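Colleague: Okay, structure incoming, though there's no sequence with it:
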Ligand code: HSE
């Protein structure tokens, strides 16, 4: 068993959680030797003498063989993680933005310097999904993944469903309990869910993706009227990360979806996350657990530290086996709402099943070509709320694929 001398970067929600969780655990062979933080003036649960403010105190310390990076600044984290690897130290990180933006380079670096790089806490907090994809699903039998991968948006959507509080008030609560990113646009515009989906794509299907290649629609523009409409029709609205493999091509994106009580995600509430994995032979499996918060996220970091005692590392056995595909030909059912009725014209509907127009709230449900949904549309029309509607995007894709194959 390896003796791990840990250098910890960050003592926020997750870092302080790890400190406590590690002290309460039975990992006798792992100790936190040094903690580096950024702000010397911030009040913390340990005395100031427990901290250092110079990254080199960890990065240049030959005694430290494991760097645990738990800061929320992805650029500073890039510098820390790459330097640590170059200095021959194993790395555990929870930084999904860093990992999603530098996937390939980080894998090359860890191989070059012969160190382990683990990041279970970066995806769905306490749910051990990466380890499962690596170990149990290390063959090619996976068909699709759906995930509620962001605690903040799920917490906002759950509370909007039950209370009269405003979006902004609930977001503030999520920031106070430590779920939300310091830049909450990452949560509410679906970027955080997308970074996590990118990591899932790598471990599930071997795909290396750039953030700009994967569409993310968020919930920034959701209104109480949308929630009420969903309730009246027996739906809940959830922000879902999807990936579906058809042949050797994978479709992947993040978007809100209206879900019924018999569909994935309906009963996943508050900061809970869930991942549904569908395999060719195993059929559907559901993992659920807390996706954000101090102890749940720290428990995933602890699990990585524990695995490193036995020299664990990811093997990436499916690396570059499939291709990402966004098929422009597909049609999809969407719900689009706005407080400015003329903005409904920004989306060209092939069919309209239902429409409501009033001076302060309008919506339209119908079929559109999927190619209309892109980052530009989302950026340029901040008043629109766009959600998938219908049986579910996976079923829609499957049906259209079967139709294409049959003709
Ligand atoms: N902001 C993230 C979330 C934190 O709400 O899920 C955990 O990754």
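Modeller: In hand now; what should we look at? Since this is a predicted model, take the numbers as computed values, not measurements.
Colleague: Okay, now stretch 337-347: how far is its last residue from its first?
Modeller: From its first residue to its last, stretch 337-347 covers 11 Å (C-alpha to C-alpha, to the nearest Å).
Colleague: Going by neighbour count, list what's buried in that stretch.
Modeller: The neighbour-count check on stretch 337-347 (16 or more other C-beta atoms under 10 Å) flags 337, 338, 339, 341, 343, 344, 347 as buried. (Each C-beta comes from the backbone N, C-alpha and C, glycine too.)
Colleague: which of the residues you listed sit farthest apart?
Modeller: Spanning the widest gap among the buried residues of stretch 337-347 are 339 and 347, at 15.4 Å by C-beta to C-beta.
Colleague: Can you tell me which residues in the stretch 201-350 of the chain are near the ligand?
Modeller: Residues of the stretch 201-350 of the chain that fall close to the ligand, judged by C-beta under 6 Å from any ligand atom: 291, 292.
Colleague: all helices of the stretch 201-350 of the chain, in order?
Modeller: 224-232, 294-308 (DSSP state H, counting those that start in this stretch).
Colleague: looking at the ones you listed, which is buried most?
Modeller: Highest mean neighbour count of the helices of the stretch 201-350 of the chain: helix 294-308, a mean of 23 (counted as mean count of other C-beta atoms under 10 Å).
Colleague: Now do the same for that helix: mean pLDDT, whole number.
Modeller: Averaged across helix 294-308, pLDDT comes to 97.
Colleague: cool, stretch 361-378 as well?
Modeller: Mean pLDDT, stretch 361-378: 92.
Colleague: The closest residue to residue 299 other than its chain neighbours: neighbouring residues, count only.
Modeller: Setting aside the residues directly before and after it, residue 299 is nearest to residue 126 in space (C-beta to C-beta, 6 or more residues apart in numbering), at 5.1 Å. Residues contacting residue 126 under the criterion other C-beta atoms under 10 Å number 23.
Colleague: Next, the contact list for the closest residue to the ligand within the stretch 251-400 of the chain, please.
Modeller: Per C-beta to the nearest ligand atom, residue 292 is where the stretch 251-400 of the chain lies closest to the ligand, at 3.9 Å. Under the criterion of C-beta atoms under 8 Å, 6 or more residues apart in numbering, the neighbours of residue 292 are 125, 150, 151, 152, 155, 178, 179, 271, 273.
Colleague: In contact with the first one, which residues?
Modeller: Taking C-beta under 8 Å, 6+ apart, we find residue 125 in contact with 151, 273, 289, 290, 291, 292, 293, 296, 297, 300.
Colleague: Likewise for the third one?
Modeller: With contacts taken as C-beta under 8 Å, 6+ apart, residue 151 has the following neighbours: 125, 174, 179, 270, 271, 272, 273, 290, 291, 292, 293.
Colleague: Let me know the average pLDDT across the strand or helix carrying the second one.
Modeller: Element membership for residue 174 (DSSP states H and E) is helix 167-176. Taken as a whole, helix 167-176 has a mean pLDDT of 95.
Colleague: what's that helix in contact with?
Modeller: When contacts are defined by C-beta under 8 Å, 6+ apart, helix 167-176 is touched by residues 151-152, 155-156, 159-160, 163, 180, 184, 187-188, 222, 271.
Colleague: need the next SSE after that helix, C-terminal direction.
Modeller: Scanning forward in sequence from helix 167-176 by DSSP H and E, the next helix or strand is helix 185-188.
Colleague: Pull out the buried positions in that next one.
Modeller: So for helix 185-188, counting by 16+ other C-beta under 10 Å, buried means 186, 187, 188.
Colleague: Tell me who's in contact with residue 234.
Modeller: Residue 234 makes contact with 260, 261, according to C-beta under 8 Å, 6+ apart.
Colleague: whoops, residue 3 was the one
Modeller: Contacts of residue 3 by C-beta under 8 Å, 6+ apart are 29, 30, 65.
Colleague: Repeat the analysis, applying 10 Å as the threshold.
Modeller: 28, 29, 30, 31, 65, 66, 309 (C-beta atoms under 10 Å, 6 or more residues apart in numbering).
Colleague: Narrow these to those that are buried.
Modeller: 30, 65, 66, 309.
Colleague: out of these, what pair is the most spread apart?
Modeller: Farthest apart among those by C-beta to C-beta are 65 and 309. That separation is 11.2 Å.
Colleague: and for these two, which residues touch both?
Modeller: Counting by C-beta under 10 Å, 6+ apart, the residues touching both residue 65 and residue 309 are 2, 3, 4.
Colleague: JSON lines please, covering those and showing secondary structure.
Modeller: Listed next are these as JSON lines, based on DSSP: H, G, I helix; E, B strand; the rest coil:
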{"residue": "2", "secondary structure": "coil"}
{"residue": "3", "secondary structure": "coil"}
{"residue": "4", "secondary structure": "strand"}
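Colleague: Quickly name whichever of the residues you listed is closest to the ligand.
Modeller: For these, the residue nearest the ligand by C-beta to the nearest ligand atom is residue 4; the value is 23.7 Å.
Colleague: what about that closest one, distance to residue 63?
Modeller: 11 Å (C-beta to C-beta, to the nearest Å).
Colleague: and the chain, what are its domains?
Modeller: Listed by automatic domain parsing, the domain ranges of the chain are 4-118, 131-295+323-406.
Colleague: between these, which one is nearest to residue 304?
Modeller: Between residue 304 and the domains of the chain, the shortest separation by C-beta to C-beta is 4.0 Å, and it involves domain 4-118.
Colleague: Can you give me the end-to-end span of that closest one?
Modeller: End-to-end distance for domain 4-118: 14 Å, by C-alpha to C-alpha.
Colleague: same question for that domain, mean pLDDT?
Modeller: For domain 4-118, mean pLDDT rounds to 96.
Colleague: which sections of the stretch 251-400 of the chain are below the confidence cut-off?
Modeller: 326-328, 392 (pLDDT under 70).
Colleague: What segments of it are strands?
Modeller: Secondary structure of the stretch 251-400 of the chain, counting by DSSP state E, counting those that start in this stretch: strands at 272-279, 283-290, 323-324, 331-338, 351-356, 362-369, 385-388.
Colleague: so which of the contacts of helix 167-176 comes closest to residue 399?
Modeller: Nearest to residue 399, judged by C-beta to C-beta, of these is residue 222 at 27.2 Å.
Colleague: Specify the beta-bridge partners of the closest residue to the closest one other than its chain neighbours.
Modeller: Excluding the flanking residues, the one nearest residue 222 by C-beta to C-beta, 6+ apart is residue 385, at 5.2 Å. Residue 385 forms beta bridges with residue 337, as assigned by DSSP bridges.
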